[in-house]
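A.B. asks: Sequence and predicted structure are below.
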Amino acid sequence: MNICRKTKLIKFSPGLFFCITVGSIVFVGGRQVADLPIDSLLISLLLGIILGNTFVRAGWLKPGLGITGKQMLEFAVMILGASVFLPDMLDAGHAIFLLIVIGVSGSMLLAYVIGHFLFGLTRPTAILIGVGNSICGNSAIAVVAPIVGATSTEIGAVIGISAILGAGQIIFLPLLASFLGLSDYQYGLVAGMAVYAVAQVYAASAPVSKASASLATVVKLTRVILLGPLVVSIQGISKAVAFNRSSQTVPRDDSLPGYIALINQYVPWFVLGFIILIGLRSTDVIPQVLGEQIRQVSQYLFVISMLAIGLSVNLRDILKIGPKVAATIFSVLFFMIGVSLIGGRLILGH
């Protein structure tokens with residue numbers, strides 16, 4: 001038994017140690033650079049893709065990459081729940097919150113219809129496009145990826161292309177304010193609804209005005225908080241679809257009590273933990289300071305996991321689906337801009 005465990009440890013250690021070492025350097029380095037224009041998670045993913053498609057093709061890394069890119073990623077998803085405070089959802093105001101819900105729901109549906117049914121992208125790819133571009137960018141994609149069973153190539157393609165197009169928003173979106181004659185309030189709403197990542201939201205709105213930046217940040221953070229309910233919804237829908245397609249129910253584990261076995265069939269351990277931690281944070285059992293500290297740990301693990309995923313990506317596979325992914329992302333972007341423009345003028349009376 002001990003020999004077997006030692007053998008497994010030796011098998012998994014090289015890849016795990018490599019990812020932890022390089023990922024730690026990326027994470028710490030990113031925190032040392034003020035106003036870093038690129039998210040550490042994206043840097044880690046791109047570095048992994050570059051290394052995996054040029055220098056690092058060693059088979060001895062592969063077992064460790066599997067653990068780092070799956071189990072560690074799932075654990076990072078779970079503990080992220082400790083930083084989600086649901087009462088904050090309503091702080092933006094009921095009208096804006098309703099607009100955000102409409103935008104997020106509509107963009108998720110649009111990404112799936114256009115990406116999967118029109119362009120023939122896989123279901124996980126279409127879902128990741130919707131999640132990443134309607135919620136909070138790279139982190140949302142990393143959270144949902146294990147739930148929908150996305151491959152390394154699917155994750156790499158969606159994050160990489162979304163991040164590139166998101167960077168373009170910083171340059172071109174402010175031009176929209178003057179072109180359409182938007183007020184600071186209207187533009188802040190557009191930027192908060194449409195821009196890919198949190199840091200990019202500020203970069204795209206601050207050049208217009210402080211008022212735009214403030215509103216854009218509030219809107220974007222409200223979208224981020226919707227990640228919790230969205231994760232639960234995607235998990236429920238995924239299991240319902242899988243159940244309907246199956247001619248048999250999932251075998252129960254008779255070694256567990258009935259209600260635990262039922263939960264175990266339909267809710268992965270990390271999603272259940274995610275929900276529980278959200279509840280503890282939202283009721284202040286987990287204080288804000290501790291929740292923020294746990295979030296930092298989660299981000300650190302995400303960076304390490306993204307390196308492992310990048311190392312497992314075949315760049316040629318990404319290039320094959322790249323144009324379709326980009327076209328789907330553009331459709332979501334235009335939808336979010338349209339919803340925010342209409343909402344700002346009609347629903348909110350601005």
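C.D. replies: Thanks, I have it. Numbering: from 1, shown residues only.
A.B. asks: so what secondary structure elements neighbour the host helix or strand of Pro174?
C.D. replies: Assignment of secondary structure by DSSP states H and E places Pro174 within helix 152-180. If contacts are counted by 3 or more CB pairs under 8 Å, 6 or more residues apart in numbering; DSSP states H and E, helix 152-180 sits against helix 40-52, helix 123-134, helix 138-148, helix 184-194, helix 198-205, helix 288-311, helix 315-342. In short, each C-beta sits where N, CA and C put it, glycine included.
A.B. asks: got the contact list for the residue most central in space within the chain?
C.D. replies: Central residue of the chain (CA atoms, centre = their mean): Ala140, 1.4 Å from the mean position. Each residue near Ala140 by CB atoms under 8 Å, 6 or more residues apart in numbering is listed here: Val131, Gly132, Val224, Leu227, Leu230.
A.B. asks: One more: Gln200?
C.D. replies: Here Gln200 is in contact with Gly137, Gly166, Ala167, Gln169, Ile170 (CB under 8 Å, 6+ apart).
A.B. asks: swap in Thr153?
C.D. replies: By CB under 8 Å, 6+ apart, the residues touching Thr153 are Val313, Asn314, Asp317, Ile318, Ile321.
A.B. asks: how about a cut-off of 10 Å?
C.D. replies: For Thr153, the contact set (CB atoms under 10 Å, 6 or more residues apart in numbering) comprises 49, 122, 125, 309, 312-318, 320-321.
A.B. asks: Check Ile161 too.
C.D. replies: Ile129, Gly132, Ile318, Ile321, Gly322, Pro323, Lys324, Val325, Ala326, Thr328, Ile329.
A.B. asks: what about the fifth one, how many neighbours?
C.D. replies: Burial measure for Gly322: 14 neighbouring residues, criterion other CB atoms under 10 Å.
A.B. asks: Show the contacting residues for it.
C.D. replies: Gly322 touches Ala157, Gly160, Ile161, Ile164, counting by CB under 10 Å, 6+ apart.
A.B. asks: before we move on, what about Val208?
C.D. replies: 173-174, 176-178, 182-184, 187-188, 190-191, 216.
A.B. asks: Quick check: the farthest pair among the residues you listed?
C.D. replies: Ser178 and Ala216 (16.3 Å; CB to CB).
A.B. asks: which of the two has more neighbours?
C.D. replies: Set Ser178 next to Ala216 and count neighbours by other CB under 10 Å: Ala216 wins out with 27 against 10.
A.B. asks: just the angle between the helix or strand containing the more buried one and helix 315-342, please?
C.D. replies: Using DSSP H and E, Ala216 falls within helix 210-225. Calculated by axes from the mean of the first three to the mean of the last three CA atoms, to 10 degrees, helix 210-225 forms an angle of 120 degrees with helix 315-342.
A.B. asks: Going by contacts, tell me the helices and strands next to helix 210-225.
C.D. replies: Here helix 210-225 touches helix 94-112, helix 138-148, helix 184-194, helix 198-205, going by 3 or more CB pairs under 10 Å, 6 or more residues apart in numbering; DSSP states H and E.
A.B. asks: ranking those by burial, who's on top?
C.D. replies: helix 184-194 (a mean of 27; mean count of other CB atoms under 10 Å).
A.B. asks: how much space is there between Ile161 and Tyr196?
C.D. replies: Relative to Tyr196, Ile161 is positioned 11 Å away (CB to CB, to the nearest Å).
A.B. asks: between the two, what contacts are shared?
C.D. replies: Common neighbours of Ile161 and Tyr196 (criterion: CB under 10 Å, 6+ apart): Gly132, Ile329.
A.B. asks: How many neighbouring residues does Asp284 have?
C.D. replies: For Asp284, using other CB under 10 Å, the count is 11.
A.B. asks: do the same with Ile286
C.D. replies: For Ile286, using other CB under 10 Å, the count is 20.
A.B. asks: In JSON lines, list the contacts of Val208 along with pLDDT.
C.D. replies: JSON lines is the format used below for the contacts of Val208 (pLDDT from 0 to 100):
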{"residue": "Leu173", "pLDDT": "87"}
{"residue": "Pro174", "pLDDT": "85"}
{"residue": "Leu176", "pLDDT": "83"}
{"residue": "Ala177", "pLDDT": "82"}
{"residue": "Ser178", "pLDDT": "82"}
{"residue": "Leu182", "pLDDT": "84"}
{"residue": "Ser183", "pLDDT": "84"}
{"residue": "Asp184", "pLDDT": "84"}
{"residue": "Tyr187", "pLDDT": "90"}
{"residue": "Gly188", "pLDDT": "88"}
{"residue": "Val190", "pLDDT": "91"}
{"residue": "Ala191", "pLDDT": "91"}
{"residue": "Ala216", "pLDDT": "84"}
